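**Q** Quick one, fold the following:
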Amino acid sequence: MSTLKVNTITVNSGDSLTISNQITASSGIEIRGTDEALVVTGSANFLGNVTLGNAAADVATVTGQLTASNGLKIDAGNLVVDENAT
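**A** Numbers count the residues shown, from 1 in each chain. Now for the predicted structure:
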């Protein structure tokens, strides 16, 4: 069971929260959790800049194809190409 507080929804451990419409926030939304803390089924659209990770040691994995409609900028000093990749 969730607890409703002024300006805050607290979901207790083991519980879930389902929102069937949209979330709007003027100061940002933060999601914290363990592995697979955020799973999106279907498409996700991010308007504006997107940062993946917060440290050089972070790894962003793309399972499917990665496309760019307005070019691609890569720091060539750190570019690694796997010629055996399929």
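**Q** Just want the most central residue of the chain.
**A** The centroid of the chain falls nearest to L38 when counting by C-alpha atoms, centre = their mean (6.7 Å).
**Q** Could you measure from the closest residue to that one other than its chain neighbours over to I23?
**A** Nearest residue to L38 in three dimensions, chain neighbours excluded: I31, at 5.2 Å (C-beta to C-beta, 6 or more residues apart in numbering). Yep, even glycine has a C-beta here, placed from its N, CA and C like the rest. Distance from I31 to I23, counting by C-beta to C-beta, to the nearest Å: 10 Å.
**Q** Common neighbours of the two, please.
**A** The contact sets of I31 and I23 do not overlap (C-beta atoms under 8 Å, 6 or more residues apart in numbering).
**Q** Can you pull out the low-pLDDT segments for the protein?
**A** The chain contains residues with pLDDT under 70 at 1-8, 85-86.
**Q** quick one: the strands in it?
**A** 3-5, 8-10 (DSSP state E).
**Q** is it true that the residue nearest to L38 touches V40?
**A** No - assessed by C-beta atoms under 8 Å, I31 is found out of contact with V40, at 11.1 Å.
**Q** Common neighbours of the two, please.
**A** Common contacts of I31 and V40 (C-beta under 8 Å, 6+ apart): none found.
**Q** before we move on, back to that, G71 versus the residue nearest to the centre of the chain, what's the distance?
**A** Relative to G71, and taking C-beta to C-beta, L38 is found at 28 Å.
**Q** Next: D15.
**A** When C-beta to C-beta is the yardstick, D15 and G71 sit 44 Å from each other.
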